[in-house]
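give me the fold of what follows.
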Amino acid sequence: MSGFSSEERAAPFTLEYRVFLKNEKGQYISPFHDIPIYADKDIFHMVVEVPRWSNAKMEIATKDPLNPIKQDVKKGKLRYVANLFPYKGYIWNYGAIPQVCARGEIIRVKVLGILAMIDEGETDWKVIAINVDDPDAANYNDINDVKRLKPGYLEATVDWFRRYKVPDGKPENEFAFNAEFKDKDFAVDIIKSTHDYWKALVTKKTDGKGISCYHHHVNLPAQYQQMWISGSITRKTDGISLEYKLILLHPTHLELLDAKVVAFQSFKFIELI
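Numbering: from 1, shown residues only. Predicted coordinates for the structure are as follows:
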């Protein structure tokens, strides 16, 4: 989406690597707080984080000022998603929905449906959507359109999410509703409820558990300017329990956009572009 840009700091695949977002004035902004959830009526914004077919697990740094994009870390090591036959890395572009809590591209999407995955005992929602600029967007208005026009796409999504942690020695993930995708209205209700959690966070009506609400500043804070020059300071975001992701289904391929959110449950978005 025009008007927004991204700026990389430090080398990729390092603990110090970050991607900051800027608005049309060149001001640093938070992908978490400063980009409106709605682009138009029934149209949502989405921030792209992880390119399709790549393996590095990127996420919004919810505890860092300005919430830049960084590679996830576990036990001091950078995290990667394993190749899961017949797939290579992430089988979608991975990204985030702002204000429900990106490599930085911002797009507008139309929600079509949702899948409820159970991840270590928590609901991790996957929202299906399509880019409004896609030539076929007018043909997709609900989840049944995906089943009818793109047979196999939803099945591949369930298969990937069911097995992607197995190479790390973990069991297969399970799903609510018999792994069936719920419709558009159900999905929008879930998104709205999550947005309410975000509003409670920024108005200090709920405990953010260390999540940073620092946002929309013309310049980076002094400590961050020094941090990215020296590349010697790292920050942890462990302990965030809510995770929301957006998956994009392309007419010719699957795309997933990851979105780490701030609240009480987890969910992900899927878009047809």
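
would you say residue 177 is within a strand?
No. Using DSSP: H, G, I helix; E, B strand; the rest coil, the assignment for residue 177 is helix, not a strand.

for it, grab the count of nearby residues.
By the criterion of other Cβ atoms under 10 Å, residue 177 has 11 neighbours. Using the backbone N, CA and C atoms, a C-beta is placed for each residue, glycine as well.

can you read off the pLDDT for it?
Here the pLDDT value assigned to residue 177 is 95.

please apply the same query to residue 12.
Residue 12 is assigned a predicted lDDT (pLDDT) of 95.

again, but for residue 37
Reported pLDDT for residue 37: 82.

same deal with the one 3 residues further on?
The predicted local distance difference test score for residue 40 is 86.

show the contacting residues for it.
residue 108 (Cβ atoms under 8 Å, 6 or more residues apart in numbering).

torsion angles phi and psi at residue 156?
phi -70, psi -40 (degrees, to the nearest 10).

cool, residue 191 as well?
Backbone torsions of residue 191, given as degrees, to the nearest 10, read phi -60, psi -40.

any idea how far residue 123 is from it?
From residue 191 across to residue 123, the span is 14 Å (Cβ to Cβ, to the nearest Å).

those two: which is more packed in?
residue 191 (23 against 16).

tell me the predicted confidence for that one.
86.

quick one: it and residue 127 touch, right?
Yes. Using Cβ atoms under 8 Å, residue 191 makes contact with residue 127 at a distance of 6.7 Å.

all the strands of the stretch 51-200 of the chain, in order from the start?
Ranges of strands in the stretch 51-200 of the chain, per DSSP state E, counting those that start in this stretch, are 58-60, 69-71, 73-74, 77-78, 94-96, 106-119, 122-131, 174-175.

point out the most buried one among these.
Sort the strands of the stretch 51-200 of the chain by mean neighbour count, taking mean count of other Cβ atoms under 10 Å, and strand 94-96 sits at the top with a mean of 33.

neighbours of residue 142, how many?
Residue 142 is flanked by 17 other residues according to other Cβ under 10 Å.

worst average pLDDT in the strands of the stretch 51-200 of the chain?
Of all those, strand 94-96 carries the lowest average pLDDT, namely a mean of 73.
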